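Asks: Kindly generate the corresponding structure for this input.
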Amino acid sequence: MAETLVTGGAGFIGGNFVHFWNAHHPGDRVLVLDALTYAGNRSTLAGADNAELIEGDIRDTDLVERLLRDHDIRTIVHFAAESHVDRSISGPDAFIDTNILGTNSLLKAARAVWLAGDGIAHRFHHISTDEVYGSLGPDDPAFSETTPYAPNSPYSASKAASDHLVRAYHHTYGLEVTTSNCSNNYGPYQYPEKLIPLFFLNALSGQALPIYGDGMNVRDWLHVEDHCRGIEACLGQGKPGETYNIGGGAELPNLTVIDTICREVDRAFEEVDGLAERYPDAPAARGEKSEMLKTFVTDRAGHDRRYAIDETKARRELDYLARHRFEDGLRQTLRWYLANEDWWRPLLRS
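Replies: Below is the predicted model of the structure:
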């Protein structure tokens with residue numbers, strides 16, 4: 001039986017996709033290839049019964065070719081990437097290595113195995129980001145699939161390069177590819193360097209909530225389960241060679257997101273028994289407001305002002321529509337972190 005290869009499947013979005021696929025396609029086998037860097041976590045895959053984890057690097061083309069042949073893999077879903085903008089500013093080399101060279105390695109392996117001889121039916125799906133399109137002004141139309149690329153950070157530049165490689169392998173060699181560009185994801189299993197889990201956990205521990213600039217940078221927020229459904233639709237209904245923008249329909253300033261986090265933390269302390277004993281350093285444990293922890297800090301270099309996704313094409317061609325309201329999804333996410341301290345607590349010590 002053919003298997004699906006998920007790269008970066010022990011990370012945040014990839015791990016959620018493995019669980020999603022396991023739940024919705026219980027007869028399918030999934031092979032996860034992950035280098036288990038700081039953002040990869042074996043425990044993220046706990047409970048994914050039909051998934052097998054291989055620790056390895058996507059830049060190891062020989063390894064990828066062996067996996068494709070030995071497991072009769074016909075589908076690659078490529079999540080593996082360095083993705084934290086701040087890290088890309090301080091150390092861009094890792095982003096070039098993983099996001100560009102790693103993607104090229106996967107494409108080379110897929111071409112060698114899938115296009116040899118008469119070729120076999122296959123699909124290479126590449127997950128990218130809305131950040132490749134650059135920054136929008138307050139009145140600019142949302143990003144569409146025809147928006148020119150204008151990346152502003154080493155991270156987004158490396159993702160833009162990988163997008164172009166995927167496109168080139170389709171047009172040059174005939175590799176059957178699709179690409180999806182998503183907006184900001186949130187949900188379970190997200191590494192705590194990202195805004196939503198970082199601010200959740202800081203509010204629980206009474207640490208500062210550092211807000212870049214004036215806090216009015218705007219992002220479109222996408223619950224990771226909606227993203228997984230969008231990827232599923234790309235695999236099933238997407239046309240080879242096409243790109244699809246997957247958004248959450250929740251375009252919000254960072255300050256609004258942070259204020260919502262603070263309110264949800266305060267609400268949890270009112271509704272969940274025992275939180276004050278578990279997190280005594282939280283302002284909410286003393287009946288105070290979490291918003292008191294907000295601190296404005298110097299904006300980061302090249303900070304894009306606004307992202308927004310026009311998902312018309314995905315709605316029309318894939319029947320995709322986000323299902324999670326932001327406030328509901330955020331509340332579910334906070335409750336997941338409260339219920340899964342054994343997952344995130346070791347990450348704070350690493």
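Asks: Doesn't D163 belong to a strand?
Replies: No: assessed by DSSP: H, G, I helix; E, B strand; the rest coil, D163 does not belong to a strand; its assignment is helix.
Asks: For it, give me the pLDDT.
Replies: The score at D163 is 98. That number is its pLDDT.
Asks: Compute the number of surrounding residues for the residue nearest to it when sequence neighbours are not counted.
Replies: With C-beta to C-beta, 6 or more residues apart in numbering as the criterion, D163 has its nearest non-adjacent residue at 5.1 Å, and that residue is S128. The C-beta positions use only the backbone N, C-alpha and C, and glycine is treated the same way. By the criterion of other C-beta atoms under 10 Å, S128 has 23 neighbours.
Asks: next one: P26
Replies: Using other C-beta under 10 Å, the number of residues around P26 comes to 9.
Asks: Can I take it that it is in a helix?
Replies: No: according to three-state DSSP, P26 belongs to no helix; its state is coil.
Asks: Assess the claim that it and A51 are in contact.
Replies: No: taking contact to mean C-beta atoms under 8 Å, the distance of 11.5 Å between P26 and A51 leaves them out of contact.
Asks: Just list the residues touching K294, thanks.
Replies: For K294, the residues meeting the contact criterion (C-beta atoms under 8 Å, 6 or more residues apart in numbering) are A208, L209, I211, I258, C262.
Asks: Next, find the distance separating it from I258.
Replies: Taking C-beta to C-beta, to the nearest Å as the measure, K294 falls 7 Å from I258.
Asks: If any of the contacts of K294 are buried, put those into a ChimeraX selection.
Replies: Of the contacts of K294, the buried ones can be selected in ChimeraX as follows, counting by 16 or more other C-beta atoms under 10 Å:
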select :209,211,258,262
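Asks: Same list, the contacts of K294, but as CSV with distance to G247 please.
Replies: Listed next are the contacts of K294 as CSV, based on distance: C-beta to C-beta, whole Å:
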residue, distance to G247
A208, 30
L209, 26
I211, 24
I258, 21
C262, 25
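Asks: Which of the contacts of K294 fall within helices?
Replies: I258, C262 (DSSP state H).
Asks: Need the overlap of contacts for K294 and I258.
Replies: Here K294 and I258 share the contacting residues L209, I211, scored by C-beta under 8 Å, 6+ apart.
Asks: Which helix or which strand is home to T295?
Replies: In the assignment (DSSP states H and E), T295 maps to strand 294-297.
Asks: In that strand, which residues are buried?
Replies: K294.
Asks: next one: stretch 233-253
Replies: Along stretch 233-253, these residues count as buried under the neighbour rule (16+ other C-beta under 10 Å): 233-235, 238, 242-252.
Asks: How about stretch 196-209?
Replies: By neighbour count, and taking 16+ other C-beta under 10 Å as the criterion, the buried residues in stretch 196-209 are I196, P197, L198, F199, F200, L201, N202, A203, L204, G206, L209.
Asks: Would you list the strands that the strand holding T295 pairs with, along with their directions?
Replies: Taking DSSP bridges as the criterion, strand 294-297 sits next to strand 209-212 (parallel) in its sheet.
Asks: got the CA positions of the strand it pairs with in CSV?
Replies: Listed next in CSV are the C-alpha coordinates belonging to strand 209-212 (Å, rounded to 0.1, in the frame of the first residue of the first chain):
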residue,chain,number,x,y,z
LEU,A,209,4.0,40.4,27.2
PRO,A,210,6.5,42.2,24.8
ILE,A,211,4.6,44.0,22.0
TYR,A,212,6.6,45.1,18.9
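Asks: From G27, how far out is P92?
Replies: Relative to G27, P92 is positioned 42 Å away (criterion: C-beta to C-beta).
Asks: Neighbour count: these two, which is higher?
Replies: Applying other C-beta under 10 Å to P92 and G27 shows that P92 carries more neighbours, namely 16 against 6.
Asks: Correct me if wrong: the more buried one contacts P151.
Replies: No: look at P92 against P151 with C-beta under 8 Å: they stay out of range, at 11.9 Å.
Asks: Could you pull up the mean pLDDT of stretch 173-189?
Replies: Stretch 173-189 comes out at a mean pLDDT of 97.
Asks: can I get the CA coordinates of it in CSV?
Replies: Once side chains and other backbone atoms are set aside, the C-alpha atoms of stretch 173-189 remain, and they are given as CSV (Å, rounded to 0.1, in the frame of the first residue of the first chain):
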residue,chain,number,x,y,z
TYR,A,173,10.3,18.4,-15.6
GLY,A,174,6.6,17.7,-15.4
LEU,A,175,6.5,17.0,-11.6
GLU,A,176,2.9,17.1,-10.4
VAL,A,177,3.0,19.8,-7.7
THR,A,178,0.7,22.1,-5.8
THR,A,179,1.5,24.9,-3.4
SER,A,180,-0.5,26.5,-0.7
ASN,A,181,0.3,29.9,0.9
CYS,A,182,-1.2,30.2,4.3
SER,A,183,-1.7,33.0,6.8
ASN,A,184,-0.6,33.0,10.5
ASN,A,185,-1.5,29.6,12.1
TYR,A,186,-2.5,29.0,15.7
GLY,A,187,-3.6,26.0,17.6
PRO,A,188,-2.3,23.0,19.6
TYR,A,189,1.3,21.9,19.5
